[in-house]
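Asks: Just need the structure, nothing else, for what follows:
(2 chains)
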Amino acid sequence: MTNSSTQICVVIGASHAGVNFAFSLRKEGWEGSIILFDKQTAIPYHRPPLSKTYLTSGDDAKDKNVLKSHESYTKENITLQLGVSVKTIHREAKKITLSDGTLQQYDKLVIATGARPLIPDIKGINNAINIFTLRTIKDSEAIRNAIKKGGIKSALIIGGGYIGLEIAASLKKMDISVTVLERENRILDRVTTQNLSTFFKDLHTNNGVVIDTKKNVISIETHDNVNTVICDDGTRYNSDMIVLGVGIRVNTELAQEAGIAIENGIKVSAASQTSDKAIYAIGDCTYHHNPHYNRFVRLESVQNAIDQAKVAAASICGKMAIYDAIPWFWSDQYDVKLQIVGLFSNYNEVIVRKETGENKKLSIWYFNDKELLAVEAVNNAKAYVLGTKFIKGRKEINKTNLRDVSLTLSPSNLLLP
Amino acid sequence: MAKITFITSDNKTTVLEGSSGSVMQLAVDNNINGIDGDCGGVCSCATCHVHVHPDHFEKTGMPSDIENDMLELDDHVNAYSRLCCQIEINEALDGLVLTVAK
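Replies: Predicted coordinates for the structure are as follows:
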């Protein structure tokens, strides 16, 4: 390992991926400088609560929401440069230009630029009032402050994905009347199958949220502090607040302009290295190979950010590292905890298991013939944990027993001898 | 204020003081090896697994159902396992000794 104390590792983006990378790099023995840049001014924070507890509980949650304390950065000698964005990567000179025009040298560069909310091309969207996206702590605070100011009784959420549904649950908790508009035939269309979509539709409906599907928003008219959202079938919705949750755009521009290979994100190797050997990329912005499923994926999750960060850190410190994680994910809505492990696409069989007598305990098991691909577990951590173990070990499942809810979920009941 | 002792897998002992928040947050803020808290403390990731000193198990109490389920199949689970994101710091925890699970 050529790691003298004079080397500089620069990280662009200080969220889950960038911050975990910096601390992992130190842990792996990097003796040189570590400098983290982020255009945001807030100390790096956990993003998942922004649509959940952070949105509903307010400033009390601020300290709890910090990824690492200021002291941790000092202790590990990690330099955090907030409120600074990176304009250009000069690969040949191994330098970056910062927003204030200064140049920063690097020996290793890590791109953890993540993604940004997609703003759909809807007529009148720029004139709408109280319209928000939710990605940053500022977004979450802006929604909360708008509600605190009073006068907001109704909210329209455009997009029935996880983020939209989590916001719906949170706003409902804050006594706002909520409608979710989804363009497809069902909510969560892109990320799961009918089974889970139906579960969440019922959950939200039972909690008083209106879910309207096949609603393609084409324009927004705003008069007298009220937005009217108009769909292509002519339906109109009045709303004091609009939250957009229609997906993301990956922040690949910086890498692309520097001539780094892009394919549905920044293309990286198993060690998270880009097409430039001195430059790595981690987190939401990467397109990478998943060895277990033997396919290329781009994942938007905390798990992916953290695990890829660890692999990049080990690799930069000269260790053999391969990113080979089974993806996992969670979502909390109302009193329901959803935990997902694995990638379900490619499935040809689904087994839905509803535990008896236990409210809402549900697990959905996806198979491709004999191979267990993924498990979606609702209020059922046991199914999630078992699924994780079985998928990792490529275990063969006794499907008859899995369907039989009189048998408890356990390895002895579920595994074929 | 509660003094909490962490023993990590490299047999290093660290004594920390906390007055609020979860034991996981205290550990993460002080870079305790083996406590990651990846999910931010919502019992979703099981990266904050500790073994409570048997004499102190009364102080922390038993794990919740979901916590039990998350831990049950862990290779290093024992009768005193907890996910420390689920342990809120208060005065009563003073003197608590935790071994970070592998």
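Asks: only C-alpha atoms for contact and neighbour calcs from this point on.
Replies: OK.
Asks: Any idea which residue of the stretch 301-417 of chain A lies closest to chain B?
Replies: Closest residue of the stretch 301-417 of chain A to chain B, Cα to the nearest Cα: A:Lys382 (4.9 Å).
Asks: And for the closest residue to that residue other than its chain neighbours, the neighbour number?
Replies: Counting by Cα to Cα, 6 or more residues apart in numbering or on different chains, the nearest residue to A:Lys382 once its immediate chain neighbours are dropped is B:Asp69, at 4.9 Å. Other residues near B:Asp69 number 18, with proximity taken as other Cα atoms under 10 Å in any protein chain shown.
Asks: going on from the helix or strand B:Asp69 falls within, what's the next piece of helix or strand?
Replies: According to DSSP states H and E, B:Asp69 maps onto helix B:65-72. The element immediately downstream of helix B:65-72 (helix or strand, assigned by DSSP H and E) is strand B:81-83.
Asks: Centre of the chain to the next helix or strand after that following strand, how far?
Replies: Next helix or strand after strand B:81-83 toward the C-terminus (DSSP H and E): strand B:96-100. Strand B:96-100 sits 7 Å away from the centroid of its parent chain (Cα atoms, centre = their mean, to the nearest Å).
Asks: residues in contact with strand B:96-100?
Replies: Residues outside strand B:96-100 that contact it (Cα atoms under 8 Å, 6 or more residues apart in numbering or on different chains): B:3-9, B:34-35, B:48-53, B:56, B:59.
Asks: 7 Å instead, please
Replies: Residues external to strand B:96-100 that are found in contact with it (Cα atoms under 7 Å, 6 or more residues apart in numbering or on different chains): B:3-9, B:34, B:49-53, B:56.
Asks: do stretch A:348-367 as well
Replies: Contact with stretch A:348-367 is made by A:344, A:347, A:368-369, A:372-380, A:383, A:403, A:405, as judged by Cα under 7 Å, 6+ apart.
Asks: and it, how far from the chain's centre?
Replies: In terms of Cα atoms, centre = their mean, the centre of stretch A:348-367 is found 24 Å from the chain centre.
Asks: Repeat that for stretch B:33-46.
Replies: For stretch B:33-46, the distance to the chain centre is 10 Å (Cα atoms, centre = their mean).
Asks: any idea how far A:Pro291 is from the spatially most distant residue from the centre of chain B?
Replies: When each C-alpha in chain B is compared with the mean C-alpha position (Cα atoms, centre = their mean), B:Leu73 comes out farthest, at 17.5 Å. Going from B:Leu73 to A:Pro291 by Cα to Cα, to the nearest Å gives 24 Å.
Asks: Helix, strand, or coil at A:Val385?
Replies: helix (DSSP: H, G, I helix; E, B strand; the rest coil).
Asks: Next: A:Arg116.
Replies: From three-state DSSP, the assignment for A:Arg116 is strand.
Asks: any idea how far it is from chain B?
Replies: 21 Å (Cα to the nearest Cα, to the nearest Å).
Asks: can you count the residues close to that residue?
Replies: Neighbours of A:Arg116 (other Cα under 10 Å): 15.
Asks: Check B:Glu58 too.
Replies: When neighbours are defined as other Cα under 10 Å, B:Glu58 has 11 of them.
Asks: Can you give me the pLDDT of it?
Replies: Model confidence at B:Glu58, given as pLDDT, is 92.
Asks: Sketch out the low-pLDDT regions of chain B for me.
Replies: Within chain B, no stretch has pLDDT under 70.
Asks: Tell me the first helix or strand C-terminal of whichever strand or helix holds A:Leu196.
Replies: Here A:Leu196, judged by DSSP H and E, is contained in helix A:194-206. Using DSSP H and E, the helix or strand that follows helix A:194-206 in sequence is strand A:210-212.
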